[in-house]
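Asks: Kindly generate the corresponding structure for this input.
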Amino acid sequence: MTRNLLALAVGLVVLVGVIGGVAVTLGLVPGTGDPGSNGSPPTVAEPAPENASGNGTGPGSERAGFAFAVENISECGRTCRLLDSELTNTMNESASNVTLTFDVYAGGNSTVWEGQKSLGALAANAPDDQSTRIEVGMGGGLEIRQNGGNATIITTVYAGGERRAQFSNTSTVE
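Replies: Predicted structure coming up:
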């Protein structure tokens, strides 16, 4: 009888550990994040090229021939938001193969969502408005909620196959 009880107790401990690990992996409960995490998303820190102005952060900032502004964030579902933004080519020449990548953080330095949008060519001194659907899922939504509804979106601009600029915007999305 004692042997059966011990086997049952060990089995329950293993089962609870497995369920807990699966829940953290699926994002159903928050994990401890990256061991080196300082509790905040990565900073946008890159040397500004000679033709850049501004620091590359915040709405409407300019860096490396591009300006970026978040115009609106609206709800499109329980764990979905629509990001309306504008990217402007501030150079006197067109930019080819323009692509935006988005990384969404909820207070830590691990992403809750990643996405990409190809814009193609962007004429000189021309803006491009776009909407990007961000679907963070239940785990990401929980992380954002636990961060007071704050999410940081880091947008990286690539043109001609090269990384050109990076912008950071923090918004309350809850």
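Asks: Buried residues in the helix or strand residue 128 falls within, which are they?
Replies: Under the assignment given by DSSP states H and E, the secondary-structure element containing residue 128 is strand 127-135. Of the residues in strand 127-135, those with enough neighbours to count as buried (16 or more other Cβ atoms under 10 Å) are 128, 132, 134. Where C-beta positions appear, they are placed from N, C-alpha and C, glycine not excepted.
Asks: and for that strand, what are the contacting residues?
Replies: Residues outside strand 127-135 that contact it (Cβ atoms under 8 Å, 6 or more residues apart in numbering): 71, 76-77, 79-89, 98, 100, 102, 104, 113, 115, 117, 119, 122, 153.
Asks: Among these, which lie within strands?
Replies: Among these, the residues falling in strands (DSSP state E) are 71, 76-77, 80-89, 98, 100, 102, 104, 113, 115, 117, 119, 122, 153.
Asks: Quick one: buried ones out of those?
Replies: If we count by 16+ other Cβ under 10 Å, those have these buried: 81, 83, 85, 87-89, 98, 100, 102, 104, 113, 115, 117, 119, 122, 153.
Asks: Tell me the one among those nearest to residue 138.
Replies: Relative to residue 138, the closest of these is residue 113; by Cβ to Cβ it sits at 12.3 Å.
Asks: so where's the chain shaky on pLDDT?
Replies: Within the chain, the set of residues satisfying pLDDT under 70 comprises 1-63, 174.
Asks: the domain parsing of it - what is it?
Replies: 1-32, 53-172 (automatic domain parsing).
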